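*Asks:* dropping a prediction and its sequence here:
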Amino acid sequence: MAGRIEDYALIGDLETAALIGMDGAVDWWCAPRFDSPACFAAILGSESHGQWILAPTGKRPCSRRSYRADTLVLESVWESVSGTVRITDFMPPREQAPRIVRLVECLAGQVALHGELRMRFNNGSVVPWSRLTDPRTVATVAGPDAAYLRCGPGTDITVTDGCTSLDLSLTAGQRASFVLAWSPSHSVPPPMPDVEAELARTLAFWDEWTSNLRYDGPYREAVVRSLITLKALTYEPTGGVIAAATASLPESIGGQRNWDYRFCWLRDSTFTLSCLLRSGYRREALSWKDWLVRAVAGDPADLQPLYGVAGQRNLREVLADWLPGYEDSRPVRFGNAAVDQFQLDIYGEVLGTIYSAVRAGVAIDPHVWTLMASLLEYVEKRWQDPDEGIWEVRGPRRHFVHSKIMAWVAADRALRLARVAGLRTSVRRWQALRRDLHDEICARGWSDEQQSFVQYYGARRIDATALLIPRLGFLPATDPRVLSTVRAIGGLDDNGFLRRYADVSNGEVHEVDGVRGAEGTFLACTFWYADALSMTGRHAEARTVFERVLDVRNDVGLLAEEWDPHARRQLGNMPQALSHVALVNTAFTLFGTRRHDRSALGRSAVT
């Protein structure tokens, strides 16, 4: 059985990532990319679906663990009567093959260790052929995939059908290393690295990267860890940032809300760019912007809510019926059907991201201005249509208020950019569009009965996205409607955390999102609540909300998508980029200052 979602720590090489439990088990790893089929999928089933465990003999959780300083190098320590051992897990930044390196050190006494490697290609469905190719190397091959485990001296290796057993005993001062590398099966096996040199290179990479952080407010450790996590979820070759490292971890234990998040969502683009720019990571921000522009290039009618790490569009959702799911949460999904939805909000996200980049002094290529104009022309044609909205509902399309506000954002940001882009001929038309949107949203998206903006036109329910109204500039934070909406959002509170919208009970199908069952509270929305409280002058309450979310991070500072305040456990895919982006942005809202680098162009021509 997999550990609790919050029991997992992340390691990665900026092209893929692995999750390691407190028991020393690597229960999730996709190779060679984030969105490749998993080689280890035990987190969605059992060890028979792929796992690499290495720990002192006798399964038990480690005594303590942490990342080494401000890096992505994980150290887990087991203490017992016989001795103390430390396992250091990391993935060197990619130079050739994806590799998981495990360095074992006996710190005191004598410790016997046992390991079991079960490679399972194609998301846990294929058992490869395994064999010893020399006394210290195990090769596993099936179809296009191969993996090579190289063991240090003194390890007893036993290869049987479906499992490789590893046994060794260390006394104080002794060390042993294990390196697992993935490779295409037709290629020459990757060379064995110098483990100590690779550790030093990995530590140096992260030390240098985190030294660029521009944040000096309270809770710096939480901000640093969130930014490291965000960097770890970035596909370095393209700059794309995935939503999470995992697929199908449930938003409700035993439920159906199990989605594949190993892709890049446009809805997160403005938040992500702001987070990176504020924190001083301009290169990463520009890479994300460039990924975005490449991904959305083409006919605006073909714009998708999400794309693959390389910008690929075909992300067909399939059900993996051979996997029982995390704690029997079915179905297990790979791919995401939201790729085919119409989401009006993403047009505002794209134009908002371009606008934020220009404000930061980023030079925009001429073809981007043409893209911007074509996107807004499409918004002019479609803004009165219902859509699936930011939450990607699988129920009927509706006139979601947040979607309309983001259409307003698209028109507003285009107008602010018009002088820079030389699109003066369209200004009057865009002004009319912005005015029409504003008027309609205020008339149809506001409820006198609820004294708040609501989820969709004619609804009585509220939605946490209304908290973004002042941040998006739709209305000032001092507007009575904003103040009243922030008060009304308290109706989504569940023990100090915010739900996205009203929940359902008794396993019913939700009338809005079309999925059966409930979900946890949404951590990003709770951070948005802290932002809104601060912007409306309720600073002490905002800090309390912020600190409450920090308290539910796991022992190494990671957050999933959701939190169950009753069972007191994390839910959803892990770690979740949006949760960590929101943490950083809220820290800047509460404790920091805006530090975007702005050129003279950004200051004078864009307001």
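*Replies:* Looks like it arrived, so ask away.

*Asks:* what packs against the biggest helix by length in the chain?
*Replies:* The helix of greatest length in the chain, counted in residues with DSSP state H as the criterion, is given as helix 401-421. The contact analysis (3 or more C-beta pairs under 8 Å, 6 or more residues apart in numbering; DSSP states H and E) places helix 401-421 against helix 345-359, helix 366-382, helix 427-444, helix 469-472, helix 600-605. C-betas here are computed from N, CA, C, even on glycine.

*Asks:* list the buried residues for it?
*Replies:* 401-418, 420-421 (16 or more other C-beta atoms under 10 Å).

*Asks:* stretch 363-376 too?
*Replies:* Counting neighbours by 16+ other C-beta under 10 Å, one finds that the buried residues in stretch 363-376 are 364, 368-369, 371-373, 375-376.

*Asks:* quick check: closest non-adjacent residue to Ala216.
*Replies:* That one is not Ala; residue 216 is Asp. Gly592 (7.8 Å; C-beta to C-beta, 6 or more residues apart in numbering).

*Asks:* you'd agree that neighbour is up against Tyr215?
*Replies:* Yes. Applying C-beta atoms under 8 Å, one finds Gly592 in contact with Tyr215, separated by 5.9 Å.

*Asks:* which neighbours do these two share?
*Replies:* Where contact means C-beta atoms under 8 Å, 6 or more residues apart in numbering, the residues bridging Gly592 and Tyr215 through contact with each are Arg278.

*Asks:* which one in the buried residues of stretch 363-376 is the model shakiest on?
*Replies:* Across the buried residues of stretch 363-376, the member with the lowest pLDDT is Ile364, scoring 83.

*Asks:* give me the nearest residue to it, chain neighbours excluded.
*Replies:* Counting by C-beta to C-beta, 6+ apart, Val358 is the residue found nearest to Ile364 once chain neighbours are left out, at 6.0 Å.

*Asks:* and the one you found, how far is that from Ala97?
*Replies:* Spatial separation of Val358 from Ala97 under the definition C-beta to C-beta, to the nearest Å is 39 Å.

*Asks:* what's the longest strand in this protein?
*Replies:* Counting residues, the longest strand found in the chain (DSSP state E) is strand 99-118.

*Asks:* now for Trp78, how many residues are close by?
*Replies:* When neighbours are counted by other C-beta atoms under 10 Å, Trp78 registers 23.

*Asks:* what is it paired to in the beta sheet?
*Replies:* Here Trp78 sits in beta bridges with Val85, as judged by DSSP bridges.

*Asks:* hang on, it packs against Arg65?
*Replies:* No. With contacts defined as C-beta under 8 Å, Trp78 does not count as touching Arg65, sitting 9.6 Å away.

*Asks:* go ahead and confirm Pro331 touches Gly325.
*Replies:* Yes. Judged on C-beta under 8 Å, Pro331 makes contact with Gly325 at a distance of 7.2 Å.

*Asks:* out of the two, which sits in the more crowded spot?
*Replies:* Neighbours per residue, other C-beta under 10 Å: of Pro331 and Gly325, the larger number sits with Gly325, 23 against 14.

*Asks:* any idea which of the helices and strands packed on helix 401-421 is most buried?
*Replies:* Between those, the one whose residues have the most neighbours on average, counting mean count of other C-beta atoms under 10 Å, is helix 345-359 (a mean of 25).

*Asks:* average pLDDT across it?
*Replies:* Regarding helix 345-359, the rounded mean pLDDT is 94.

*Asks:* got the angle for it vs helix 401-421?
*Replies:* Per axes from the mean of the first three to the mean of the last three C-alpha atoms, to 10 degrees, the angle that helix 345-359 makes with helix 401-421 is 40 degrees.

*Asks:* who are the packing partners of helix 345-359?
*Replies:* Where contact means 3+ C-beta pairs under 8 Å, 6+ apart, helix 345-359 is packed against helix 269-279, helix 282-296, helix 366-382, helix 401-421, helix 600-605.

*Asks:* distance to Glu511 for those helices - can I get that in a markdown table?
*Replies:* Formatted as a markdown table, the helices and strands packed on helix 345-359 follow (distance: least, C-beta to C-beta, whole Å):
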| stretch | distance to Glu511 |
| --- | --- |
| helix 269-279 | 28 |
| helix 282-296 | 32 |
| helix 366-382 | 24 |
| helix 401-421 | 17 |
| helix 600-605 | 45 |
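
*Asks:* of those, which shows the lowest average pLDDT?
*Replies:* helix 600-605 (a mean of 30).

*Asks:* any idea what Arg102 is bridged to?
*Replies:* Listed by DSSP bridges, the beta-bridge partners for Arg102 are Asp89, Phe178.

*Asks:* make sure it is actually in contact with Leu168.
*Replies:* No. Judged on C-beta under 8 Å, Arg102 makes no contact with Leu168 at a distance of 11.8 Å.

*Asks:* for stretch 155-165, what is the average pLDDT?
*Replies:* 95.

*Asks:* chain center to it: distance?
*Replies:* When distances are taken as C-alpha atoms, centre = their mean, to the nearest Å, stretch 155-165 is centred 35 Å away from the chain's centroid.

*Asks:* check which residues of it are buried.
*Replies:* Of the residues in stretch 155-165, those buried by neighbour count under the rule 16+ other C-beta under 10 Å are 155, 157, 159, 163-164.

*Asks:* same question for stretch 446-461.
*Replies:* Taking 16+ other C-beta under 10 Å as the neighbour-count basis, stretch 446-461 is seen to contain the buried residues 446-447, 450, 452-457, 459, 461.

*Asks:* same check, this time on stretch 100-114
*Replies:* Neighbour-count burial for stretch 100-114, counted by 16+ other C-beta under 10 Å, picks out 100-106, 111, 113-114.

*Asks:* now do stretch 551-570
*Replies:* Using 16+ other C-beta under 10 Å as the burial criterion, the residues of stretch 551-570 that qualify are 552-554, 556-565, 569-570.

*Asks:* tell me the secondary structure for Arg33?
*Replies:* Classification of Arg33 using DSSP: H, G, I helix; E, B strand; the rest coil returns coil.
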